[in-house]
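Asker: build me a model from this:
(2 chains)
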Amino acid sequence: MTTTLSESGPEAHNEIVSGDLLRFATAGSVDDGKSTLIGRLLFDSKSIFADQLESVEQVSKDRGNDYADLSLLTDGLRAEREQGITIDVAYRYFATPKRKFIIADTPGHTQYTRNMVTGASTADVALILIDARKGVVEQSRRHTFLATLLGVPHVVVCVNKMDLVDYDEQVFEKIRAEFTEFASRLRVPDLTFIPVSALAGDNVVTRSENMDWFDGSPLLSHLERLHVASDRNLVDVRFPVQYVIRPQQNDARDYRGYAGTVASGVMKPGDRVLALPAGLETTIASIDTADGPVEEAFPPMSVTVRLADEIDISRGDMICRPNNAPTVTQDVDAQICWMDESASLVQGKKYAIKHTTRWARAMVKNINYRVDVNTLHRDEEATEIKLNEMARIRLRVTQPLFVDSYQANRQTGAFILVDEATNKTVAAGMIGGAAHQY
Amino acid sequence: MKSHVLSQLRSLEAESIHIMREVVAEMQRPCLLFSGGKDSIVMLHLAVKAFAPARVPFPIMHVDTGLNFQTVLDCRDRWVERTGVQLVVASVQEGIDRGLVREEPNGSRNRIQTPVLLEAAEKHGFDALFGGGRRDEEKARAKERVFSFRDDFGQWDPKNQRPEIWNLYNGRVHQGESIRVFPLSNWTELDIWAYIEAENIDLPDLYLAKEREVVERSGMLYEVNDFTPLKDGETAQVLSTRYRTVGDANLTACVESTATTLRDVVEEVAAVRLTERGATRGDDKVSEAAMEDRKKEGYF
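Answerer: Okay, here's the model as predicted:
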């Protein structure tokens, strides 16, 4: 019998680990209360071990604190800072009966853009923290700008430290109004405001008794209920071929399957498909997994596709629908974030480019302009792009890529540039029209 | 209408499979580090799924400390037999005999297995080693990359790691350099156990509770056997115990448990995570086991 993965497998037998996966990115400095907020989420959702908590309580006591300093739970970063190691994206995990959460926790200041871009690249939700006493500051704008540029579909603004402004509704409303005004110039599909006190626990996991005027959900229930399935592109079938499975074994000699992760769209056996760059049409014969064939495949499933006709397809090729194909091009316009501290991006330089599963070489034809991530000012005179700077550039690629705009597709609209001498990943690129109207 | 939502375990599985396929497609000679513990077994299970119906297209390497539980070796051999995967054994004892490494005074071969591992990797020309490390294990691991770059001495330089954006992994290395790959980065211990139960994965029976003759030493319970015989003045007792980690047989303790099925273990692990504040004695044992977990799984 043919079944689909969503009807069989782990979820059918296991109610302890159920629900889906939500990835969210946080950004901010220690002062925002970000570490405390994450600590509070881990603590109140009972996701920390007794030994971890005990050590936090002990250290807090040793320091003469009145309460357990929950920011210590995520304190790997502080130790790094003392040792002078580059602060970086840290990943943290917690789960509730409804969902598993992966937090990409990025520090606010040092190398903020590189880290924020990394954390936001896979995030469903961006969590922006605003200190109620300070209101919307440059950093809040920058984080929101980067989150929208990376196509994060949901933005949750936590107005923190409400306990320090006497839980005043007016303070919250003023910040909400100011932020909404600013966000109206960006593409924020879903924007939510929650007044919280991470320290006191108001509206983080449990509803605050100090803010009766707020009728929204506490942060955790909001995150648990956020509908993210509809964020995925289920329309445009894009299946970058990752690996060709051709067993050199007597028991499966005739097998030829194209393994990959569904980037977008829903694929079914019997669908007419187009293979690029061959440009040939055929039909999906079956969609295989180790658990047997499935009736359909959707993102982010890893499957193996078999086709009705023998077509020469290899890694880096793309399977799509005949009437819905990506753009085949060697000229790429993109917004990039430069991530290398040792060298700048300059016109005329060549890099290796990785787009989906395809490697090629790319030359920088033009730097259109540099964007200042703080002021969002465009500098059209810019001739080089340095660490943590964003720019709009044009690339000429040695072979065709099968691209969509990043706005339409976060998988086929994304690429990285790699320095051919050092092999370092030096840039993240987003293809297509500017995601903002600044 | 179908929901088109993948469950968390299937999402994690899909991500791990994607990572393994990327490595096989891009690297010259990958290898999977196989300790016989639950994480390395889950990795091998995922590798089997990633390349089916073909065999796993890379070997597994067991760094054999010579201090193995027999049931762990039996389980390893069952996996090799069943999957047809190629097994490379790097022997620590042989390394000691050749003078590559020296036995440590406390009898632990945990640290001295690293040079043996590195030598074997170099000898076989492995440029990508899959490891079972998870980011939830400890704070320091929270920022480890999925593709972790190593220089030509096999060293990890935290300042020189590549940004990982989207799922566009960069495994490019120069001659002599290599990467460690952690396909289970985003899994938690509970995810691992829930997956083992859901997939009914074959593990050494040490992980399940049964009545064992044990002796207590500094708060830890050791099974009385050839590796850890009873010393003068000690008395053994029979308790229902299981192992949370699998390491050297002379140093790995078990914990009191009545979890005789995989389902029981999942529930036990879930309950441990839900432990309320104020550690009890049982929690002390759990935290010690967790420490041990890290040591063992910090394999390299």
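Asker: please count neighbours and contacts with C-alpha atoms only from this point.
Answerer: Fine.
Asker: what's in contact with the longest helix seen in chain B?
Answerer: What stands out as the longest helix in chain B, according to DSSP state H, is helix B:8-26. With C-alpha atoms under 8 Å, 6 or more residues apart in numbering or on different chains as the test, helix B:8-26 has contacts from A:5, A:10-11, A:17-21, A:99-100, A:242-243, A:260-261, A:300-302, A:315, B:30, B:46-47, B:49-51, B:57, B:128, B:169, B:171, B:183-184, B:186-187, B:191, B:195.
Asker: 7 Å instead?
Answerer: With C-alpha atoms under 7 Å, 6 or more residues apart in numbering or on different chains as the test, helix B:8-26 has contacts from A:10, A:18-21, A:100, A:242-243, A:261, A:300-302, B:30, B:46-47, B:50, B:171, B:183-184, B:187, B:191, B:195.
Asker: and it, how far from the chain's centre?
Answerer: 18 Å (C-alpha atoms, centre = their mean, to the nearest Å).
Asker: now do that helix, average pLDDT.
Answerer: If you average the pLDDT over helix B:8-26, you get 97.
Asker: so which bits of it are buried?
Answerer: B:8-24, B:26 (16 or more other C-alpha atoms under 10 Å in any protein chain shown).
Asker: may I have it as PDB, with CA atoms only?
Answerer: The C-alpha trace of helix B:8-26 is given here as PDB (Å, rounded to 0.1, in the frame of the first residue of the first chain):
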ATOM      1  CA  GLN B   8       9.200  17.600  13.500                       C
ATOM      2  CA  LEU B   9      10.900  14.100  13.300                       C
ATOM      3  CA  ARG B  10      10.300  13.900   9.600                       C
ATOM      4  CA  SER B  11      11.700  17.400   9.100                       C
ATOM      5  CA  LEU B  12      14.800  16.500  11.100                       C
ATOM      6  CA  GLU B  13      15.100  13.300   9.100                       C
ATOM      7  CA  ALA B  14      14.800  15.200   5.800                       C
ATOM      8  CA  GLU B  15      17.400  17.700   6.800                       C
ATOM      9  CA  SER B  16      19.900  15.000   7.900                       C
ATOM     10  CA  ILE B  17      19.400  13.100   4.700                       C
ATOM     11  CA  HIS B  18      19.900  16.300   2.700                       C
ATOM     12  CA  ILE B  19      23.200  16.900   4.500                       C
ATOM     13  CA  MET B  20      24.400  13.400   3.900                       C
ATOM     14  CA  ARG B  21      23.600  13.500   0.200                       C
ATOM     15  CA  GLU B  22      25.400  16.900  -0.100                       C
ATOM     16  CA  VAL B  23      28.500  15.400   1.500                       C
ATOM     17  CA  VAL B  24      28.500  12.300  -0.800                       C
ATOM     18  CA  ALA B  25      27.900  14.500  -3.800                       C
ATOM     19  CA  GLU B  26      30.700  17.000  -3.100                       C
END
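Asker: so which elements touch whichever helix or strand comes after that helix?
Answerer: Along the chain past helix B:8-26, the next helix or strand (assigned with DSSP states H and E) turns out to be strand B:30-33. Strand B:30-33 is packed against strand B:60-64, strand B:128-130, with contacts defined by 3 or more C-alpha pairs under 7 Å, 6 or more residues apart in numbering or on different chains; DSSP states H and E.
Asker: what helices or strands is whichever helix or strand residue B:45 is part of leaning on?
Answerer: Assessed by DSSP H and E, residue B:45 sits inside helix B:38-51. Judged by 3+ C-alpha pairs under 7 Å, 6+ apart, helix B:38-51 is in contact with helix B:8-26.
Asker: run the angle between the helix it packs on and helix B:38-51 for me.
Answerer: Relative orientation of helix B:8-26 versus helix B:38-51 (axes from the mean of the first three to the mean of the last three C-alpha atoms, to 10 degrees): 70 degrees.
Asker: residue of the stretch 51-200 of chain A nearest chain B, please.
Answerer: Per C-alpha to the nearest C-alpha, residue A:90 is where the stretch 51-200 of chain A lies closest to chain B, at 4.3 Å.
Asker: apologies, that question was intended for the stretch 201-350 of chain A.
Answerer: Counting by C-alpha to the nearest C-alpha, the stretch 201-350 of chain A gets nearest chain B through residue A:247, at 4.4 Å.
Asker: give me the three-state assignment for that residue.
Answerer: coil (DSSP: H, G, I helix; E, B strand; the rest coil).
Asker: quick one: pLDDT of the closest residue in space to it that isn't next to it in sequence?
Answerer: Sequence neighbours aside, residue B:54 is the residue nearest to residue A:247 in space, at 4.4 Å (criterion: C-alpha to C-alpha, 6 or more residues apart in numbering or on different chains). Residue B:54 carries a pLDDT value of 95.
Asker: can you pull the domain assignment for chain A?
Answerer: Domain assignment of chain A by automatic domain parsing yields the ranges A:16-231, A:239-320, A:327-431.
Asker: in TSV: the ones you listed, plus mean neighbour count.
Answerer: As requested, the domains of chain A are exported to TSV (neighbours: other C-alpha atoms under 10 Å in any protein chain shown):
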stretch	mean neighbour count
domain A:16-231	19
domain A:239-320	20
domain A:327-431	20
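Asker: what's the least confident stretch among those domains?
Answerer: domain A:16-231 (a mean of 84).
Asker: that older thread, list of residues touching the helix holding residue B:45?
Answerer: Here helix B:38-51 has contacts from A:245, A:290, B:17, B:20, B:21, B:34, B:55, B:56, B:132, B:203, using C-alpha under 7 Å, 6+ apart.
Asker: could I get those as TSV with distance to residue A:395?
Answerer: Shown next, in TSV, are the contacts of helix B:38-51 (distance: C-alpha to C-alpha, whole Å):
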residue	distance to residue A:395
A:245	33
A:290	40
B:17	31
B:20	30
B:21	28
B:34	43
B:55	40
B:56	38
B:132	38
B:203	51
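Asker: quick check: longest strand of chain B.
Answerer: strand B:210-217 (DSSP state E).
Asker: let me see the contact set for the closest residue in space to residue A:402 that isn't next to it in sequence.
Answerer: Distances taken as C-alpha to C-alpha, 6+ apart put residue A:328 closest to residue A:402, at 4.7 Å, once the chain neighbours are dropped. Residue A:328 makes contact with A:400, A:401, A:402, A:403 under the criterion C-alpha under 7 Å, 6+ apart.
Asker: so residue A:234, which state does it fall into?
Answerer: From three-state DSSP, the assignment for residue A:234 is coil.
Asker: hang on, isn't it packed against residue A:263?
Answerer: No - counting by C-alpha atoms under 7 Å, residue A:234 stays clear of residue A:263, with 9.2 Å between them.
Asker: quick one: residue A:425 and residue B:163 touch, right?
Answerer: Yes - between residue A:425 and residue B:163 there is a contact at 6.3 Å, judged by C-alpha under 7 Å.
Asker: so how far is residue A:298 from residue A:199?
Answerer: Using C-alpha to C-alpha, to the nearest Å, one gets 41 Å for the distance from residue A:199 to residue A:298.
Asker: likewise for residue B:11?
Answerer: Distance from residue B:11 to residue A:298, by C-alpha to C-alpha: 11 Å.
Asker: which residue is the nearest non-sequential neighbour of residue A:406?
Answerer: In space, and not counting its chain neighbours, residue A:406 is closest to residue A:413: 3.8 Å by C-alpha to C-alpha, 6+ apart.
Asker: and the pLDDT at the residue of the stretch 101-250 of chain B found nearest chain A?
Answerer: Taking C-alpha to the nearest C-alpha, chain A has its nearest neighbour within the stretch 101-250 of chain B at residue B:143, 4.3 Å off. With respect to pLDDT, residue B:143 has a value of 79.
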